[in-house]
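# Make a model of this:
(2 chains)
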Amino acid sequence: MAAVRTSSEIGFNRVAIVAVLLVTIIFLAPIYWIASTAFKPRNLATTIPPTVVFQPEISPFVKLFTKRSQMRNPPSPEEYAAAPWWERVVFDGGEKIVRDGKGQVQWSGYPSRFMNSLIIAITSTVLAVGMGTFTAYGFSRFKVKGEADLLFFILSTRMLPPVVVAIPMFLMYRAVGLNDSHLGLIILYTAFNLSFSVWLMKGFMDEIPKEYEEAALVDGYTRMEAFFKIVLPEAATGIAATAVFCFITAWNEYAFALIMTNRRAQTAPPFIPSQVGAGLPDWTVIAAGTFLFLLPVAIFTFLLRNHLLRGMSFGAIRK
Amino acid sequence: MTQIELRGVQKYFGAVQVIKDLNLKIDDNEFIVLLGQSGCGKTTTLRAIAGLETIDGGDILIDGKPVQHLKAADRDIAMVFQSFSLYPHMSVYENIAFPLRATRKSKAEIDQEVRSVAKTLQITDLLGKKPSALSGGDMQRVAIGRALVRRPKAMLMDEPIGALDAKLREEMRAEIKRLHIKQGSTTIYVTHDQIEAMSLADRIVIMHEGVLQQVGSPDEVYSRPANLFVAQFVGSPVMNVADASVAETASSASVTVGGAAAGFEFPRALLSKLNGHASGQLALGIRPEGVLVRHEAAEGFLPVETQIVEPLGSFDIVDLKVGTKMLRARTKSGFVGGPGEKVFARIDPTQAHFFDTASGKSLEVRL
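A predicted model of the protein is given here:
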């Protein structure tokens, strides 16, 4: 379906394409930078001008996952020959992997921080989207006294920068022993995302004709059954879109994670920059950590991309 | 055997009363059509029977048992919605099987019943498709199939063919009628389309502003409307209604409309039947086919001038100027050449209706 286009429109189109390409490059450049640094040898990470062509290395990832220490003397040839390939990579950098008394390799703090991030982000997303879906359904389908006020109140929790309440939250959390705990961050992120989830899901729920449920009610089902059998499958698109946004928020949150956690429940965002100060900054290791940290959100969004696209344009078309 | 009875049903939406003291008895196997303009309370009545709306007063009885406190699921009633409401994520087969899955039927039983209903409705080849791949008519067949499959006590239909185009509507109308005759279940059908109502109903229930206006067979509501609302709502083209005054002449009665110089001739018996409603508060109602038109002068015919002529194929509707009033007459097509023609008209007394303008009620005058 090609509409008639004038030469000026074609010209404008070309300018628009160039502009879009430019913006895309600007947005992708930092991601390229992180990804390329993650595979660079340490000595090429901070060159001026930047090194673009290099032999990619896996060493930053080996270093990312292991505890290392500086070596005064290079390893003996026997020691070097006996070491597996990934240990040699560390030897090459003038470091050695720390082992415990039984000779077991010591892990760095990164894997546990990454797991913390996964546990906290996934749990808080499930909770926020789950509760948000139920709440939104209630607001969408039933007459709720003071509905507008309640919805405004729910939204009002997002009207100030969250960091404003960081200190009182910290004191409260310390008082009840929730600081540096998974549960603490899960509650916090769920609360953050809930208002967003309720509002977004309400929009999606309003779009689902209530005749579907009424048909199910008349067909012999209870409202709960109708909700699970009819409403939820219809709301899948909205749930997917909401889940992506909630997950990204929880995954990337920095300020509260920094204040509320320090070890046991620390997530990756405050951990990664903390490595800058540990000895000489090894930017390749930090880049490797950041690069891995980017992947879950990218994969999650990629898996849900069809739902997301539909979700974005949901409600734009009269059915 | 399913009888549905409404006793003094009241329903408010906020301060607005949408159903006012509704009493209605529906017999087994009867096809009842609730007819009225949008907002008259007909759909609310249907939804109240289905259990999708609560009522604020009165009783709804199914087979003599009050059901107004039962949930929709427990009333054993099926409903077809105007929007079809087919579950978009399920195939046609799953849609039809859905009501059966709420019961404790075996897979084999469900399969057999779904296929049997699909066969009746001639939609067997659609069973694997998703609703989005269906045409409007097929969607409605599936919706009807979903309602029928459970063999409910009663079928409720809320403007089920209102969303279809004109030709398909006519086809589906015939199909619904055929199906009703074959299956014979108590059916309540809501529509604002009086042609649909006339063609389908055993009895038509006409509602206006939440109040029941008249209940009767299609013929009854057409030829003996109980009030001005029914008179003008039922029938197309619309019945002529004009304020009239009645006078006594030497041998007959004369009914003048629109302040015309002369009146239409009526039998003398009219005077006694009007019971003193002589003039001032009297309206004459006459359907276009009750206005007789001819080219030559004749006894009892008044000279009138034609205005607009609407050719409708099998007949024409001609506007005749009578005093200040316009009377619409139905003539053979091409009978009148065009506007401004002189013709002669009279009113067929046997088809005339008289109404009290104050109350709107029919005076039940039959000549």
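
# In the stretch 51-200 of chain A, what residue comes closest to chain B?
When scored by Cβ to the nearest Cβ, the stretch 51-200 of chain A has A:K143 as its residue closest to chain B, at 10.4 Å. Placement of C-beta: from N, CA and C, glycine included.

# ok, that residue - contacts?
If you count contacts by Cβ atoms under 8 Å, 6 or more residues apart in numbering or on different chains, A:K143 has none.

# Now do it, the pLDDT please.
On the pLDDT scale, A:K143 is placed at 88.

# B:T54 versus that one, what's the distance?
12 Å (Cβ to Cβ, to the nearest Å).

# Just read off the phi/psi values of A:P41.
Per-residue torsions, A:P41: phi -70, psi 150 (degrees, to the nearest 10).

# Ok, B:L292 next?
phi -90, psi 140.

# Specify the beta-bridge partners of it.
Note on B:L292: beta-bridge partners by DSSP bridges are B:R346.

# With only the CA atoms kept, save stretch B:252-267 in PDB.
Provided in PDB are the C-alpha atoms of stretch B:252-267 (Å, rounded to 0.1, in the frame of the first residue of the first chain):
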ATOM      1  CA  SER B 252     -72.600  11.000  10.400                       C
ATOM      2  CA  ALA B 253     -69.700  12.200  12.500                       C
ATOM      3  CA  SER B 254     -67.000  14.500  11.200                       C
ATOM      4  CA  VAL B 255     -63.300  14.400  12.400                       C
ATOM      5  CA  THR B 256     -61.300  17.500  11.700                       C
ATOM      6  CA  VAL B 257     -57.500  17.500  11.900                       C
ATOM      7  CA  GLY B 258     -55.000  20.300  11.500                       C
ATOM      8  CA  GLY B 259     -57.700  23.000  11.500                       C
ATOM      9  CA  ALA B 260     -58.800  22.000   8.000                       C
ATOM     10  CA  ALA B 261     -61.900  23.500   6.500                       C
ATOM     11  CA  ALA B 262     -63.700  20.200   6.300                       C
ATOM     12  CA  GLY B 263     -63.600  17.000   8.400                       C
ATOM     13  CA  PHE B 264     -63.300  13.400   7.500                       C
ATOM     14  CA  GLU B 265     -66.400  11.500   7.500                       C
ATOM     15  CA  PHE B 266     -66.900   8.800  10.200                       C
ATOM     16  CA  PRO B 267     -69.800   6.600  11.200                       C
END
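
# buried stuff in it?
B:252-253, B:255-257, B:260, B:263-266 (16 or more other Cβ atoms under 10 Å in any protein chain shown).

# With pLDDT as added columns, please give the residues you listed in TSV.
Formatted as TSV, the buried residues of stretch B:252-267 follow (pLDDT from 0 to 100):
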residue	pLDDT
B:S252	87
B:A253	88
B:V255	89
B:T256	88
B:V257	88
B:A260	82
B:G263	87
B:F264	90
B:E265	89
B:F266	90
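
# Compute the number of surrounding residues for residue 156.
Assuming you mean chain A. The criterion is other Cβ atoms under 10 Å in any protein chain shown. On that basis, A:S156 has 10 neighbouring residues.

# actually chain B
26.

# Remind me which helix or strand A:T237 belongs to.
Element membership for A:T237, per DSSP states H and E: helix A:232-252.

# Please read the previous query as pertaining to A:N262.
Going by DSSP H and E, A:N262 is not part of any helix or strand.

# Setting aside sequence neighbours, what's the nearest residue to it?
Nearest residue to A:N262 in three dimensions, chain neighbours excluded: A:D180, at 5.7 Å (Cβ to Cβ, 6 or more residues apart in numbering or on different chains).

# Same question for B:P311.
Nearest non-adjacent residue to B:P311 (Cβ to Cβ, 6+ apart): B:S333, at 5.9 Å.

# that older thread, if we go by neighbour counts, what in whichever helix or strand comes after the helix holding A:T237 is buried?
Heading C-terminal from helix A:232-252, the first helix or strand you meet, by DSSP H and E, is helix A:255-260. The neighbour-count check on helix A:255-260 (16+ other Cβ under 10 Å) flags A:256-260 as buried.

# Ok, stretch A:180-193 next?
Judged by neighbour count (16+ other Cβ under 10 Å), stretch A:180-193 contains these buried residues: A:180-182, A:184-190, A:192-193.

# How about stretch A:64-78?
Buried-residue list, stretch A:64-78, by 16+ other Cβ under 10 Å: A:64-66, A:68, A:75.

# So which of those belong to helices?
Using DSSP state H, the subset of the buried residues of stretch A:64-78 located in helices is A:64-65.

# Out of the buried residues of stretch A:64-78, which is nearest to B:L282?
Relative to B:L282, the closest of the buried residues of stretch A:64-78 is A:L64; by Cβ to Cβ it sits at 98.2 Å.

# which residues does the residue found closest to the closest one once you drop the neighbours it is linked to in the chain contact?
Leaving aside its sequence neighbours, A:L64 sits nearest to A:A288 (Cβ to Cβ, 6+ apart; 4.6 Å). Shown in contact with A:A288 (Cβ under 8 Å, 6+ apart): A:38-39, A:60-61, A:63-64.

# Could I get the pLDDT score of the residue in the stretch 101-250 of chain B positioned nearest to chain A?
Nearest to chain A in the stretch 101-250 of chain B, going by Cβ to the nearest Cβ, is B:A102, at a distance of 3.5 Å. B:A102 is assigned a pLDDT of 90 by the prediction.

# show me the contacts for it.
B:A102 makes contact with A:219-221, A:225, B:73 under the criterion Cβ under 8 Å, 6+ apart.

# Show me the shaky parts of the chain.
Went with chain A since none was named. Of all residues in chain A, those with pLDDT under 70 make up the ranges A:1-2, A:277-280, A:309-319.

# Switch to chain B, please.
The model of chain B has pLDDT under 70 over residues B:1, B:278-280.

# helix, strand or coil for the residue located most distally from the centre of it?
The centre of chain B is farthest from one residue, B:A250, which by Cα atoms, centre = their mean lies 42.1 Å away. For B:A250, the assignment made with DSSP: H, G, I helix; E, B strand; the rest coil gives coil.
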